[in-house]
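>>> fold the following, please.
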Amino acid sequence: MDSLIFKPGKAFLASDSCVPPWTVVFEDEGAAGYFYACDRGHAQMEDSILDAVLVYNVSRLSDPQRDYLAAIEWSADGTRAVLYLDGNAQAIFDFSARRGYSRTNFPNFQDQANGLWSRASHEWSDAMLQSFEAEIYK
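The predicted structure is shown next:
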């Protein structure tokens, strides 16, 4: 598990899968925090992004001045990654299904130019999280 203690408005946490070329990135550059699914086979991060989901808007956090703990956990097979904030799952990427899930469901559609990822919404899935955690914590 990769983790980072941060204050909203400035955060960067990247985590590589044990299965190349997958990686995920949690980033907050000021107004919002996002979680990205990436193919690290590309030299530039902008070219490597397969999908992105909104995790939070800083202005809507109950206490944006306090420290938060971001943690990324991968499934054993390296195909699913979950972003936790203070121990609560916020977003999931499933590289096998080419699909992202977010508690914010934003964006609520997928329209990537490369056409490789699902065009479905990013609606949260308790079943996906339960499956993931059952595997991790068995």
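
>>> distance of the closest residue in space to Ala31 that isn't next to it in sequence relative to Lys7?
Nearest non-adjacent residue to Ala31, counting by C-beta to C-beta, 6 or more residues apart in numbering: Val58, 5.8 Å away. Just so you know, the C-beta spots here come from the backbone N, C-alpha and C atoms, and that holds for glycine as well. Going from Val58 to Lys7 by C-beta to C-beta, to the nearest Å gives 10 Å.

>>> state the distance from the nearest residue to Leu129 once chain neighbours are set aside to Ser96.
Distance criterion C-beta to C-beta, 6+ apart; nearest residue to Leu129, sequence neighbours excluded, is Ala89 at 5.2 Å. Per C-beta to C-beta, Ala89 is found 18 Å from Ser96.

>>> more neighbours: which of those two?
Remark: of Ala89 and Ser96, Ala89 carries more neighbours, 19 against 12, as counted by other C-beta atoms under 10 Å.

>>> quick check: beta-bridge partners of that one?
Tyr84 (DSSP bridges).

>>> which outside residues touch the lengthiest helix in the chain?
Longest helix in the chain, counting residues (DSSP state H): helix 126-136. In this structure, residues lying in contact with helix 126-136 by C-beta atoms under 8 Å, 6 or more residues apart in numbering are 73, 75-76, 80, 82, 89, 92, 94, 101.

>>> same thing but 10 Å
Contact with helix 126-136 is made by 1, 73-77, 80-82, 89, 92, 94, 97, 99, 101, 125, as judged by C-beta atoms under 10 Å, 6 or more residues apart in numbering.

>>> give the buried residues for it.
Of all the residues in helix 126-136, those buried under the rule 16 or more other C-beta atoms under 10 Å are 128, 132.

>>> over it, what's the mean pLDDT, rounded is fine.
In this model, helix 126-136 has a mean pLDDT of 93.

>>> same check on stretch 26-45?
90.
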